[in-house]
Every structure is written in C-alpha cells, then in structure tokens.
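[1] Could you look at this predicted model? Sequence included:
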Amino acid sequence: MSTTFWIIVAGAVLTYLTRAGGHLVLSRFERIHPRVEAGLNAVPAAVLTTLVAPAAMEGGPAELAALATAAVIVLWGGGMMPMFLTAAAVLILLRHLLA
Amino acid sequence: MSAHSYAAQRPGDEFLQGARASFPVVVAAAPFGLLFGTLAMENGFTIFEAVFMSATIYAGASQMVGIDLFGARIAPWMVVLSIFAVNFRHVLYSATIGRHIAHWTPLQRFVGFFFLVDPQFAEAEKRVERGQRIGFAWYMGLGLPIYVCWVAEAWLGALFGRLIPDPHALGLDFLLPIYFLGLVMSFRKRPLWLPVVGVSALASILAYKTVGSPWHVSIGALAGVALGALLPPREAE
C-alpha cells in the first residue's frame, strides 16, 4: 500500500481517538466539578465560533452581508434551512453584483 | 415543552426524526464534500484514496488540510500531526456529549463516537437543550445520511469535479461559515454565550494571524471554554 494510504489510516485512528478520548478521560471521574461542567457547556459556542471568525475577518462585503443576513434570520426565529438558503442567495447575488 | 418529548419513542420514529434533522446539514456540507473530491484529485490522489479518506477520517477541514500538505510534499508524520491538530476540538465534543449518552451500551458508544462531526455534535446538543433524550436510533438517523452523502460526494467530486465552472461565483467556498454561524447563534440562550463567543472569536483571529491555521481552532476554543469555566454563572449573581 502507498504512503498516502498509511497517512490516511494514521489520520483516521488519531481522529477517532479525539472523538472517543474526551469521554474516556471524563468518565474516569465519579463527579464532574461544576467549573468543568460550566466549561463543557461553553464548548458548542466556543468551538463553532473559531470555525467562523477567521473566515468572517477575511471576508469582503458580500461575505459579511451573508453572515449578517444569517444572524438576523436566526434572531427572528427562522430555522436553519431558511437561514442557510437566504444567506447563500445574498452571497451569490452580491458576488455577482460586486464582481 | 410538550409532554410527549419525554415519553419513550419507538426507535424507528427516532431514527426518522434524526434523519429529518440531517437534511440542512447534508445540503450545507455537499459543496464541501464535492470540493474535497475535486481537490484531492488535483493533488495527486487516486479516486480510491479520496473516497477512503472521506470514509475513514470523516472530518472535512482536516481532510482539506491533509490534501493541501500532500500537494506541498511535506514529511508524512507532519501531515498526520496536522490532521490531528485540526481534529483536536473533537476531544471537547466527546467530553461534552459523553454526559448525555451514558445510557448507551459500550458498543453503541464505540460506533457513535466515529460519527461525532461538528454538525452531529451541534444537533445533539440542541436536542439536549430542548430537554429530549439522545437515543442511539436518533443519533444514527442524523449521522448516517450525513456520512453516506459525504463519502458519495468525495467519489462524485473526484469523478466530475472539473465540470463545476466557477465555485467562487456559486458561493461554494463560503457556505460552511454561514452554516456554522447559524449553529453558533442557535446556542445563544446558554449562560455566558456572548462573552464566550467574543473571546473565542478574538482568540481564534489572533491565533490565526500569529500562530497560523489550524491551531487557531484549538486556541480559540480553549480560550472560550476557559472563560466559561472561570466566570461565575449568571444564575449565581
């Protein structure tokens, strides 16, 4: 098998370990400290934000307008699908107009 | 919250519920999955290697980083380390979601953790927030369509990727940040949401500019989690 194959296998094993590892470590403790609990409750917002922030910083007017649209729709109580489709439409439209 | 959400549901119904929740995820990830297959071919992968990578690593951003480094002819262990660095955030997902799947069998947990990608984690956490149980059937109903489509897209992208005329004009490169922002917003009712988002955003941008990608994800996330752990919760004020 090629080097590429083995790189993929090693990457897959390590990735699985990250997905099981957090639970394996935490489940060794009888009780979870309230501070740890509070930290874990912050995980969704903390991690997902890091997947948006640099892209937003490097984005131009079209990208920022799309993100703003998405934020406003969620604040108005729109679901994920309307949010996603509307923001994508804004992005595509503005990229065409501003190009 | 309606009473029926607490009642035990049949696994078949739960599976379908999960599958319905997977729909927006599948749509948002589709361009990314196709793009991966296309870029993998451009970086010298065979079709088998592209599909194999999506099927075994199953983590979009790290796969992109991986093929990028293949193209740059870097030492194999560096490529593996980079994939690990991009995926390190899953340790936090695992620890967080582990609290809500204690009722699963060990085999169910062993299988379930493989599917713990970003949207899988976010949808599961949203379900916990609604006061609903995370059943294995619901979890797989959500995860399997995402997984099957992801693997199929690598194959389709590898075969037909060159046919996409102008990915930039179609906005394909920016669909995931939009989707992830929607997910971030959906957790806005949690204690300390705004400070956590602010600190994570700042730390990840600073790390992106100084240390560089992919470390900005782990650094930004740890900054936000540390803030959440250190600040007193709002209820206690």
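    Sure thing, it's come through.

[2] State the helix or strand in which the residue nearest to B:G60 when sequence neighbours are not counted lies.
    Among residues not flanking B:G60 along the chain, B:F32 sits closest, at 5.3 Å (C-beta to C-beta, 6 or more residues apart in numbering or on different chains). Where C-beta positions appear, they are placed from N, C-alpha and C, glycine not excepted. Per DSSP states H and E, B:F32 falls inside helix B:11-42.

[3] Quick one: name whatever helix or strand follows that helix.
    The helix or strand immediately downstream of helix B:11-42 is helix B:47-56, counting by DSSP H and E.

[4] packing partners for that next one?
    The contact analysis (3 or more C-beta pairs under 8 Å, 6 or more residues apart in numbering or on different chains; DSSP states H and E) places helix B:47-56 against helix A:3-26, helix B:11-42, helix B:60-71, helix B:136-160.

[5] sorry, back to before: run a quick neighbour tally on the residue nearest to B:G60.
    Per other C-beta atoms under 10 Å in any protein chain shown, the neighbour tally for B:F32 reads 20.

[6] list the contacts for it?
    By C-beta atoms under 8 Å, 6 or more residues apart in numbering or on different chains, B:F32 lies in contact with B:G60, B:L172, B:L175, B:L176.

[7] now do B:Q9
    Contacts for B:Q9 (C-beta under 8 Å, 6+ apart) come out as B:Q17, B:G135.

[8] Over to A:I8?
    So A:I8 contacts B:E49, B:F52, B:M53, B:T56, B:I57, B:G66 (C-beta under 8 Å, 6+ apart).

[9] Apply 10 Å and report the result again.
    Residues in contact with A:I8 (C-beta atoms under 10 Å, 6 or more residues apart in numbering or on different chains) are A:1-2, B:45, B:49-50, B:52-57, B:63, B:66, B:70, B:79-80, B:83.

[10] Can you tell me which of these are buried?
    Applying 16 or more other C-beta atoms under 10 Å in any protein chain shown to those, the neighbour count classes B:45, B:49-50, B:52-57, B:63, B:66, B:70, B:79-80, B:83 as buried.

[11] what's the nearest residue to the residue nearest the centre of chain A if we skip its chain neighbours?
    The residue lying closest to the centre of chain A (C-alpha atoms, centre = their mean) is A:L48, at 3.5 Å. Closest residue to A:L48 in three dimensions, ignoring its sequence neighbours and counting by C-beta to C-beta, 6+ apart: B:V184, at 4.7 Å.

[12] Quick one: neighbours of the one you found, just the number.
    Residues contacting B:V184 under the criterion other C-beta under 10 Å number 28.

[13] how near is B:F174 to chain A?
    B:F174 sits at a distance of 6 Å from chain A (criterion: C-beta to the nearest C-beta, to the nearest Å).

[14] my read: B:L194 touches B:G224, true?
    No - B:L194 lies out of contact with B:G224 (C-beta atoms under 10 Å); the separation is 11.1 Å.

[15] The two: which has the busier surroundings?
    Neighbour tally, B:L194 and B:G224, criterion other C-beta under 10 Å: the higher count belongs to B:G224, 31 against 10.

[16] OK, contacts around that one?
    Residues in contact with B:G224 (C-beta under 10 Å, 6+ apart) are A:39, A:42-50, B:92, B:192, B:195-204.

[17] Of these, just the buried ones, ChimeraX syntax please.
    Entered in ChimeraX, the line below selects the buried ones among the contacts of B:G224, by 16+ other C-beta under 10 Å:
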select /A:39,42,43,44,45,46,47,48,49,50 /B:92,192,196,197,199,200,201,203,204
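
[18] where does A:H33 fall, phi/psi-wise?
    Dihedral pair for A:H33: phi -60, psi 140, per degrees, to the nearest 10.

[19] how many neighbours does it have?
    A count of neighbours around A:H33, defined by other C-beta under 10 Å, yields 10.

[20] for it, what are its contacts?
    A:H33 neighbours (C-beta under 10 Å, 6+ apart): A:G39, B:A229.
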